[in-house]
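> A predicted structure for the sequence below; I have some questions about it.
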Amino acid sequence: MTPDPVVSTPETPGRHARLGVLPATPEALKTLTADFVREHRVLPLRIEHGVLHLATVEAGNESLIENVRLLTGLEVQEIAAAEKDIQERIGECYRVTVEQMIENLHAGEGAVGEAKNLHDIEVMANEPTVINLVNVIISTALRERASDIHLVPFEGSVELRYRIDGLLQVKPPPPRNLHAALVSRVKIMADMNIAERFMPQDGHIQIHHRGARVDIRVGTMPTKYGESLVMRLLEKNTKVQTPEELGLGAERAALLRRLVEKPHGLFLTTGPTGSGKTTTLYSILQGVYTPEKKIITIEDPIEYELAGVAQIPVRPSRQFTFATGLRAILRQDPDIVMVGEIRDSETAEIAIRAALTGHQVFSTLHTNDATGAVTRLLDMGVEAFLISSALEGVLAQRLVRRICPGCRTEIRPSPAVCERLEALSGRALHGPFFAGSGCEDCRETGYRGRIGIFELLPVGSEMRELILHKQSNAQLKELAQRSMTTMHQDALQKAAAGMTTLEEIIRVSSGDQLE
């Protein structure tokens, strides 16, 4: 293991302090303002015997040191540090939290009246207090890895919640009198109509956070007590993961590659909203991409940007839907087509006919399991012989929270949890099992991040025969489970491997039969 670098002064050039192991004391931080440290790229670390120990990028800058002496009344000892480290530590040490801002706003709430008309709301939306609070709400959500921000008004309060690892977490609520101004501020940022408060609206914001581009999808909905606001956060610089990184084991990842590398046919990912279906399709597209293949996608919205792939957003306001877009795409001579979602019979039939005429087609459906994709297509009115001929495979999935690696411990599950899972799965549980005890990294939740649980259904000759004769989902499932690892079996295996908890499996299963 490489030892920590020695804390150095200007007399030892070329070596830098590692600021992560040099905590800045509150006493030292109070000596300089946030504006000064950001402008001059310095960080006060500690005060010892009347000497301020100061991390700086510009070691030996006498003018800067003299300014610090005058501002603090202290002698200064420089410590050389890398600019990147100083900037990160400044962000951490001088950060204003949502809790701090809201606490201060509540303290002065009586002094600020609620805006009653559009002009007053617009004026308040451009006040520095409102602008700063919106910025802090968004930056805190990004720092805490939230996927969504919810701001919902009630009769006497406003509820602020972040969706983190799939679950909503309550945050301190902003003052009720600022609700309309906060919503209007977000609307201004998203180029939405602030005068329209009684119809749903959608908008889009693009910002940069810590060097990454972030797209924010904004949606408002009128309620009894004002507009409900949701912001979905998408970091564009996020790396597209491989199937193995998503949680598919090596054996099933290899089977997936064989299914999606066929020269033509339809492959579907299924699951409820927010289960990671589109992320899986991006992973597949990244795996099959070569310069010799033309890949076109049509999406709502485009969540990740893929090199070498032509990506098209749908525009319902201009009658450019999945169906009309897919027809146009097929005239562009593609080899591979990805349709963000099959929502109607028209899109389903075009996609399947494209798969039968020499194209690889990938798409998503909302179903509970892999075999449910067949019955869903039949319910849409697609002919059984078309499904039987075109469908090559289905990957059904859910997302479960990962146990935090920093506080994972082995546990003995409660009898109630064991009894419920054994009743649902029809088999005894075999451990060991684990849970997170809670730590600073996971905000005391015991979980950090998510991982997929999957079932992968290859469509072979026997399955095609059942589909052709419109057999029931139960019969399709019975045949599939002879050789397929079900989603719930996969979940139990991941629990036994220490990746997730039994309680998380019960939460995600929502009473589904564990077969």
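Cool, got the structure.
> Check the contact between residue 370 and residue 376; I expect there is one.
No: in this structure residue 370 lies outside contact range of residue 376 using Cβ atoms under 8 Å: 11.0 Å. In this view, the C-beta of every residue, glycine as well, is placed from N, C-alpha and C.
> mind listing what's buried in stretch 474-481?
476-477, 479-480 (16 or more other Cβ atoms under 10 Å).
> same check, this time on stretch 392-408
392-404, 407-408.
> Farthest pair within the residues you listed?
Within the buried residues of stretch 392-408, two members stand farthest from each other by Cβ to Cβ: 392 and 407, at 42.3 Å.
> can you pull out the strands in the stretch 401-515 of the chain?
408-411, 433-436, 447-458 (DSSP state E, counting those that start in this stretch).
> again, but for the stretch 51-200 of the chain
51-56, 75-80, 146-153, 158-164, 167-171.
> Partner strands of the shortest one and their direction?
What it means is strand 167-171. strand 158-164 (antiparallel) (DSSP bridges).
> Can you list the neighbours in contact with the partner strand?
Residues from elsewhere that reach strand 158-164 (Cβ atoms under 8 Å, 6 or more residues apart in numbering): 98, 137, 140-141, 144-153, 168-176, 178-179, 182.
> Buried ones only from these, please, as a ChimeraX command.
Burial among those is assessed by 16+ other Cβ under 10 Å; the matching ChimeraX selection reads:
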select :98,137,140,141,146,147,148,149,150,151,152,153,171,173,174,175,176,178,179,182
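> right, and out of the buried residues of stretch 474-481, which lies closest to residue 44?
Closest to residue 44, out of all of the buried residues of stretch 474-481 and judged by Cβ to Cβ, is residue 480, at 63.7 Å.
> show me what contacts the closest one?
Residue 480 neighbours (Cβ under 8 Å, 6+ apart): 370-371, 457, 463.
> Now list the buried members of the residues you listed.
Counted by 16+ other Cβ under 10 Å, those give 370-371, 457, 463 as buried.
> quick revisit: and of the strands of the stretch 51-200 of the chain, who's closest to residue 197?
Here strand 146-153 is closest among the strands of the stretch 51-200 of the chain (Cβ to Cβ), at 11.4 Å.
> got the angle for the closest one vs strand 158-164?
Counting by axes from the mean of the first three to the mean of the last three Cα atoms, to 10 degrees, strand 146-153 lies at 170 degrees to strand 158-164.
> Taking strand 447-458 as reference, get the angle to strand 146-153.
Angle, strand 146-153 to strand 447-458, by the same axes, to 10 degrees: 110 degrees.
> Tell me which strands strand 146-153 pairs with, and in which orientation.
strand 158-164 (antiparallel), strand 226-235 (antiparallel).
> Now mean pLDDT too, for these, in JSON lines please.
Putting the strands paired with strand 146-153 into JSON lines (pLDDT from 0 to 100) gives the following:
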{"stretch": "strand 158-164", "mean pLDDT": "95"}
{"stretch": "strand 226-235", "mean pLDDT": "93"}
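> I'd like those written out as CSV, with distance to residue 494 and mean neighbour count added.
Shown next, in CSV, are these (distance: least, Cβ to Cβ, whole Å; neighbours: other Cβ atoms under 10 Å):
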stretch, distance to residue 494, mean neighbour count
strand 158-164, 20, 20
strand 226-235, 25, 19
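> about what we covered before: and for residue 370 and residue 376, which residues touch both?
Joint contacts of residue 370 and residue 376 (Cβ under 8 Å, 6+ apart) are residue 270.
> is it true that residue 443 touches residue 144?
Yes: between residue 443 and residue 144 there is a contact under Cβ under 8 Å: 7.3 Å.
> If you count neighbours, what's buried in stretch 253-273?
For stretch 253-273, a neighbour-count test (16+ other Cβ under 10 Å) marks 253, 255-256, 259-260, 264-271 as buried.
> what does stretch 62-70 give?
Buried-residue list, stretch 62-70, by 16+ other Cβ under 10 Å: 64-65, 67-68.
> what do you get for stretch 478-492?
Buried-residue list, stretch 478-492, by 16+ other Cβ under 10 Å: 479-480, 484-492.
> before we move on, what about stretch 89-96?
Quick answer for stretch 89-96 (16+ other Cβ under 10 Å): 89-90, 93-94.
> from these, which ones fall inside helices?
Per DSSP state H, helices hold the following members of the buried residues of stretch 89-96: 89-90, 93.
> List just the nearest of those residues to residue 247.
Closest approach between these and residue 247, by Cβ to Cβ: residue 89, at 34.2 Å.
> Give me the distance between the closest one and residue 179.
35 Å (Cβ to Cβ, to the nearest Å).
> Check residue 232 too.
For residue 232, the distance to residue 179 - Cβ to Cβ - is 20 Å.
> same deal with residue 365?
Relative to residue 179, and taking Cβ to Cβ, residue 365 is found at 38 Å.
> Residue 290 now?
From residue 290 to residue 179 the distance is 51 Å (Cβ to Cβ).
> What of residue 451?
37 Å.
> can you check residue 231 too?
Where residue 179 is concerned, residue 231 sits at a distance of 15 Å (Cβ to Cβ).
> what bridges to the closest residue to residue 145 other than its chain neighbours?
Spatially, and ignoring its direct neighbours in sequence, residue 145 is nearest to residue 164 (6.1 Å; Cβ to Cβ, 6 or more residues apart in numbering). In this entry, residue 164 is beta-bridged to residue 146, residue 167, by DSSP bridges.
> Run through the residues that contact residue 374.
Going by Cβ under 8 Å, 6+ apart, the list of residues near residue 374 reads 387, 391, 394, 467, 473, 476.
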